[in-house]
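Student: I'd like to go over a predicted model; first the sequence, then the structure.
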There are 2 protein chains.
Amino acid sequence: MAELLTERKTQIAEKATLLFKERGYAATSMRDLAAAIGIEAASLYSHLRSKEELLQRICFGMAEAFFTARDQVNSLQLPAPIKLRLAIEKHVEVVTNDVNASAVFLHEWRHLSEPELSIFKSMRREYEEYLTAILQEGKAAGQFNIPNEKLTVLTLLSSLNWLYDWYRPDGNLQPHEIAMQLADQVLNGLITNK
Amino acid sequence: MAELLTERKTQIAEKATLLFKERGYAATSMRDLAAAIGIEAASLYSHLRSKEELLQRICFGMAEAFFTARDQVNSLQLPAPIKLRLAIEKHVEVVTNDVNASAVFLHEWRHLSEPELSIFKSMRREYEEYLTAILQEGKAAGQFNIPNEKLTVLTLLSSLNWLYDWYRPDGNLQPHEIAMQLADQVLNGLITNK
DNA sequence: TATACTAACTAACAGTCGTTAGCAAAGATA
DNA sequence: TATCTTTGCTAACGACTGTTAGTTAGTATA
């Protein structure tokens, strides 16, 4: 029954993501995970090779989603301010699409062991460079006022990433609206009448 | 030897803060901590009652520092935009003053057990409300353009909090400069020529 | 009907966890 | 000199860790 097998594997992955988010990777035991599903800890090993495999899937799955978003943005030739809006929109889509996985991706990656840890870090750096490039483009064209790109890109990223903490799929703010308001705030600031 | 006693206690607190930041609370064992100091794990208990006591001191010590900053800001009668600049400045001071403790404060608080956990959460909420009040003040006075206060305050806080991740005390950016650039960015946005 | 595979189980492994008990050396105090 | 306090030690506790071995019932395939 290929379908049932996949269902169970999916269920394990989803519960693991939830527990890793709520309690952290190190504080979640395989017995916790098994109990949350309703089986014995040893039975998990019919479906996976190790606990860390679960973490790897979550971290690299999210990384892949962010790269896909980046490639979509970069496939278009756009002025920097509009490109930045699009990048924000796509990033928000990825985060809101799976807030649990986003939280694990952001906070639990350091429990990866080598070589995955180094690979993960370099992927993250690559994504930061993609956003930095947009900022530099706009700065060079005189469209952005940025004294320090690094500060700006890290501030931007933290604003976008914290989303997982308060976004509610059943709330009244849609991802698109959130992205628009975030983009307005980042681009125009809070001060009225510009 | 009251002084030596205090020195050792301080050393333990600092190493614990560093290890909790780097590996996370759950993944740091008392044996790890003891080894980092150069004593046996059991010897730690001459200086503290439990592992969680260490976490409590870090979390509530930082909370106290943030509240002190808030009270300083609130003791002055200022227009909202200037008050927000000051709040940002004070917040940056607290974070940059101890980046390790800031990281633990931000990420490891959920390993507190009751009743400390609930107390901690309500203190955090109180601090968010202090910042929200400034935003509402400016909005009511027509100085701020804010469609959604909650989104704005959480975005602001995440920008400020992520500082612990990249601020280097020996770097070329002083806390005051960082605070000014952050404030400019939040208030004026990235777009040139306003 | 016979065979192979899947997904669960129980039992157990070697190691680690936070913590306690009991003790020893050193220095401070009386 | 005698006593108390501090700060470390060794040894050990019971619980928990990720994981493996071996087994079993049920289902799909030949």
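Tutor: Arrived safely, thanks for sending.

Student: Report whether the host helix or strand of A:Gln56 contacts DNA strand C.
Tutor: Take DSSP states H and E as the rule and A:Gln56 turns out to sit in helix A:51-74. No - taking CB under 7 Å from any atom of the strand as the criterion, helix A:51-74 and DNA strand C are apart, separated by no less than 13.8 Å. For the C-beta atoms, the positions are set from N, CA and C on the backbone; glycine is no exception.

Student: What average pLDDT does that helix get?
Tutor: In this model, helix A:51-74 has an average pLDDT of 97.

Student: ok, residues contacting that helix?
Tutor: When contacts are defined by CB atoms under 8 Å, 6 or more residues apart in numbering or on different chains, helix A:51-74 is touched by residues A:12-13, A:16-17, A:20, A:25, A:30, A:48, A:83, A:86-87, A:90-91, A:93-94, A:97-98, A:101-102, A:104-105, A:108-109, A:111-113, A:116, A:120, A:123-124, A:126-127, A:130.

Student: With stretch A:35-44 instead?
Tutor: A:11-12, A:15, A:19, A:29-31, A:33-34.

Student: Report the residue ranges of every domain in chain A.
Tutor: Per automatic domain parsing, the structural domains of chain A span A:1-48, A:52-188.

Student: From DNA strand D, how far out is A:Glu177?
Tutor: 39 Å (CB to the nearest atom of the strand, to the nearest Å).

Student: could you say which helix or strand contains that residue?
Tutor: Here A:Glu177 sits within helix A:175-188, counting by DSSP H and E.

Student: Would you mind giving the orientation angle of that helix with respect to helix B:175-188?
Tutor: 120 degrees (axes from the mean of the first three to the mean of the last three CA atoms, to 10 degrees).

Student: What pLDDT is listed against the residue nearest the centre of chain A?
Tutor: For chain A, the residue nearest the mean C-alpha position is A:Ser102 (4.2 Å; CA atoms, centre = their mean). Note for A:Ser102: predicted pLDDT of 97.

Student: shouldn't it be in contact with A:Asp165?
Tutor: No - counting by CB atoms under 8 Å, A:Ser102 sits too far from A:Asp165 to count as a contact (9.3 Å).

Student: Look at A:Leu76 and say how many residues are nearby.
Tutor: Counted by other CB atoms under 10 Å in any protein chain shown, the residues lying close to A:Leu76 total 9.

Student: Who are the contact partners of it?
Tutor: A:83, A:86.

Student: Ok, A:Ala179 next?
Tutor: When contacts are counted by CB under 8 Å, 6+ apart, A:Ala179 touches A:85, A:88-89, A:91-93.

Student: which among these gets closest to DNA strand C?
Tutor: A:Glu93 (32.1 Å; CB to the nearest atom of the strand).

Student: Distance of that closest one relative to DNA strand D?
Tutor: A:Glu93 is 32 Å from DNA strand D, by CB to the nearest atom of the strand.

Student: For that residue, which non-adjacent residue is closest in space?
Tutor: A:Pro175 (5.7 Å; CB to CB, 6 or more residues apart in numbering or on different chains).

Student: Dump the helix or strand harbouring A:His91 to PDB, restricted to CA.
Tutor: If you go by DSSP H and E, A:His91 is part of helix A:80-97. Below are the C-alpha coordinates for helix A:80-97, written out as PDB (Å, rounded to 0.1, in the frame of the first residue of the first chain):
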ATOM      1  CA  ALA A  80      15.100  47.600  -7.800                       C
ATOM      2  CA  PRO A  81      12.100  49.000  -5.800                       C
ATOM      3  CA  ILE A  82       9.700  46.700  -7.600                       C
ATOM      4  CA  LYS A  83      12.000  43.800  -7.500                       C
ATOM      5  CA  LEU A  84      12.400  44.200  -3.800                       C
ATOM      6  CA  ARG A  85       8.600  44.300  -3.400                       C
ATOM      7  CA  LEU A  86       8.400  41.000  -5.400                       C
ATOM      8  CA  ALA A  87      11.200  39.400  -3.300                       C
ATOM      9  CA  ILE A  88       9.300  40.300  -0.100                       C
ATOM     10  CA  GLU A  89       6.100  38.900  -1.500                       C
ATOM     11  CA  LYS A  90       7.700  35.600  -2.500                       C
ATOM     12  CA  HIS A  91       9.500  35.300   0.800                       C
ATOM     13  CA  VAL A  92       6.300  35.900   2.800                       C
ATOM     14  CA  GLU A  93       4.600  33.300   0.700                       C
ATOM     15  CA  VAL A  94       7.300  30.700   1.600                       C
ATOM     16  CA  VAL A  95       7.200  31.500   5.300                       C
ATOM     17  CA  THR A  96       3.400  31.600   5.600                       C
ATOM     18  CA  ASN A  97       3.000  28.400   3.500                       C
END
